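Enquirer: Here is a sequence with its predicted model. Questions after.
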Amino acid sequence: MSYLLNGDRIIMGTDYYPEHWDSPLWEEDLDRMLDTGIEVVRVAEFAWSKFEPREGEYDFDFFDGFLALCERKGMRVIFCTPTATPPAWLTEQYPEVLNARMDGVLYRHGARRHYNYNSSVYQRFVSDIVTRLAEHYGPHPAVIGWQIDNEINCETNEFYSESDTAAFREFLKAKYGTVGELNRAWGTVFWNQTYTAWGEVHVPRTTLSGATNPHEVLDYKRFVSDSACRWAKLQSDILRRYIKPDDFITTNGIFGDLDNHRMAEESLDFMTYDSYPNMAYGLDPRFVGNRRLKDRQAGISLSEVRALQGRFGIMEQQSGANGWNTAMAAPTPRPGQITLWTMQSIAHGADYISYFRWRTATMGTEIYWHGILDYSGRDNRRLAEVRDIAGKLRAVSELAGSKYRAEVGILETYDNRWDAELDAWHRLVETTSREGIFSAAQYSHTPVDFVYLREGSTAKELAPYKLLFYPHAVIVNERHAALLRAYVEQGGTLVLGCRAGYKDETGQCVQTRLPGLLQELTGTDVTEYTLIAPEEGRIFADWGGTQIEAAVFTDELSPLGDARVLARYTNSYYRGVPALIEKRTGAGRTLYFGGAFTEETARVFLEKLGVFAPERETVELPECCELAVREKNGEKYYFLLNYSREEARCELKQELRNLYTGERLSGELVLPGYGTAVLKA
């Protein structure tokens, strides 16, 4: 049985860099970690030169010494493959291993993740170093598992080297067979882009207008994902030959243009995630996100990683201020926020929490990315809070192995995620609805999952959800259309938003009436559609006396057969035109809505469709609190998380036990600012 995610208890760790510190500090650090409640360290993800200082010269003494100390102290170790940062001797002598910008300029040594997956030279060096590390450290008793690379597709998910072009051609040959079939799929007759030989096909390149062929780019994103998955499998296949039977393989995701489900299934025992909710309070607008959700927005990513396999681990949990010397400045967590964000991760399904990092770096790009300890290493408030968290985790350990409980899901496909990145219309509605539905669920205390439709998905997997939102099913294939129909027939409620069904799997627009393959299931004909012009203002529809906003885009609808109109637009030139149509199929129903979902609109759908606040008979909370429920053996565990700096008053409508203290509670429960509680009936 794996040391982590074993279903017995929640385990605490930290990320440690022995190569950053003089060796006399190691023993002191390990003793202090163990005293704090930390029992696992992750090491070596950027330490290639410690093992191979020059090509073909290997030295294991440094980490042999550190692991010997860990074994003596009883500290467990997650060992990493150091492939995210190739050494200078490698990139200098073999520049073909480097990634490149779209214009062909190589990314040079000096940062990280500057390699490309598809270089056969880099694959050879990686295979060698991973093999040697696995052979040497795989049997070590202190090592309990392995992390592949570090944050695959972070920094960039675009690869434009010559090796990538060569690999892209092979990917396309396998998919299409002939150049003629490629031309059909990519619509290359447009703007005279027709190819006559494979040698004319490249990864996307710099163009005069900046525009690219969208069908090419969609396939390119699929190719990047395929490359990343093969990259992970290259390493996991090597590790499996040498590691101990109970040792695990993981990596710390999740990032863009990557089918994380495939990677997890092919290469990992479980996924880990790096959670930094504090970025929401930073100065860099790229990372601020939703101003209303703030640190609660981390729940979107936690829900995404939970969608892979249910339970997961956190490889890097926020413990200090954010900041590189180039960007990403954010403040130190306030008292209680480390606990809050830890419990946020656990509430969403994490059974392992590793804090980034033990000591704050005193050199390099991340000198402002603080860990538990500051530069001096002195005891501080954050260390005391982590020690208190360790006590809380011991108190709630019985919930280890439980699963997040939700009756509402948000459907996704990787093709639609990627299409929304390159299609401006799709991106506008997708961004609005994704945050709108998630926010409505958060503030109404309606737990929600992300659910991915994949090649092997079944109606049985969808059946536990009373309601599934598929906000904008732009790319639809016959398999998924049949799966959605089966879900509805067995009693599910499916809600679709605007722009459904208008593209096929190549990204080309269909010539059938919209919503294409979903027309029969929805009982809807989309007669006209438009992006909402700024001078139109906000567009509303009346649903049985309740006003709902149709944001960003409006489909004008017409019912077919026995479908019925539930709402009509109340303004603009299409006033009175149907905006929401319901179609009964089997034991269930499908609702097609002509707009994107704001938070307020999504909340109305939750209320009217009977899934709003499912635990309201047990507990009521103010909006500033999140409610999450994990369940095991029929027993529920209620997480109450206060994201406000002010105290929050909650109402327990039945007697519950506070797992932190063991006391029985009912009636009013006051959570302090950033306070948390884990309760059980």
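Expert: Alright, I've got the coordinates.
Enquirer: can you list the residues that contact stretch 424-443?
Expert: The contact list for stretch 424-443 (CB atoms under 8 Å, 6 or more residues apart in numbering) reads 290, 292-293, 296-297, 299-300, 303, 408, 410, 416, 419-421, 446-448, 469, 471-472, 474, 497-499, 531, 551-553, 596-603, 605-606, 623, 626. Just so you know, the C-beta spots here come from the backbone N, C-alpha and C atoms, and that holds for glycine as well.
Enquirer: three-state assignment of residue 50?
Expert: Judged by DSSP: H, G, I helix; E, B strand; the rest coil, the three-state class of residue 50 is helix.
Enquirer: just residue 226 next, same as before
Expert: Quick answer, by three-state DSSP: residue 226 is helix.
Enquirer: what about it, neighbour count?
Expert: Neighbour count of residue 226, defined by other CB atoms under 10 Å: 19.
Enquirer: Also the one 10 residues further on?
Expert: Look at residue 236: counted by other CB under 10 Å, it has 22 neighbours.
Enquirer: what sits against the closest residue in space to it that isn't next to it in sequence?
Expert: Spatial nearest neighbour of residue 236, excluding adjacent residues (CB to CB, 6 or more residues apart in numbering): residue 267 at 3.8 Å. By CB under 8 Å, 6+ apart, the residues touching residue 267 are 148, 229, 232, 233, 235, 236, 237, 249, 251.
Enquirer: Stretch 472-479: end-to-end distance?
Expert: This stretch, stretch 472-479, spans 17 Å end to end (CA to CA, to the nearest Å).
Enquirer: how about low-confidence regions in the stretch 201-350 of the chain?
Expert: Along the stretch 201-350 of the chain, segments meeting pLDDT under 70 span 287-290.
Enquirer: can you give me the helices for it?
Expert: Secondary structure of the stretch 201-350 of the chain (DSSP state H, counting those that start in this stretch): helices located at 214-240, 260-267, 285-288, 298-309, 337-347.
Enquirer: check contacts around residue 650.
Expert: With the criterion set at CB under 8 Å, 6+ apart, residue 650 makes contact with 619, 620, 621, 622, 625, 640, 668, 669, 670, 671.
Enquirer: Closest one of the residues you listed to residue 176?
Expert: Residue 176 lies nearest to residue 625 out of these, by CB to CB, at 52.0 Å.
Enquirer: The closest one: neighbour count?
Expert: Neighbour number of residue 625 under other CB under 10 Å is 25.
Enquirer: My read is that it contacts residue 643, right?
Expert: Yes. Using CB atoms under 8 Å, residue 625 is in contact with residue 643, at 7.1 Å.
Enquirer: I'd like to know the average pLDDT value across stretch 173-193.
Expert: Stretch 173-193 shows an average pLDDT of 98 in the prediction.
Enquirer: now, which of the contacts of residue 267 sits nearest residue 455?
Expert: Among those, and counting by CB to CB, the member closest to residue 455 is residue 229, at 13.8 Å.
Enquirer: what's the distance between the residue nearest to residue 236 and residue 261?
Expert: 11 Å (CB to CB, to the nearest Å).
Enquirer: same check, this time on residue 586
Expert: 28 Å.
Enquirer: give me every residue that touches residue 274.
Expert: By CB under 8 Å, 6+ apart, the contact set of residue 274 is 151, 252, 314, 315, 316, 317, 356.
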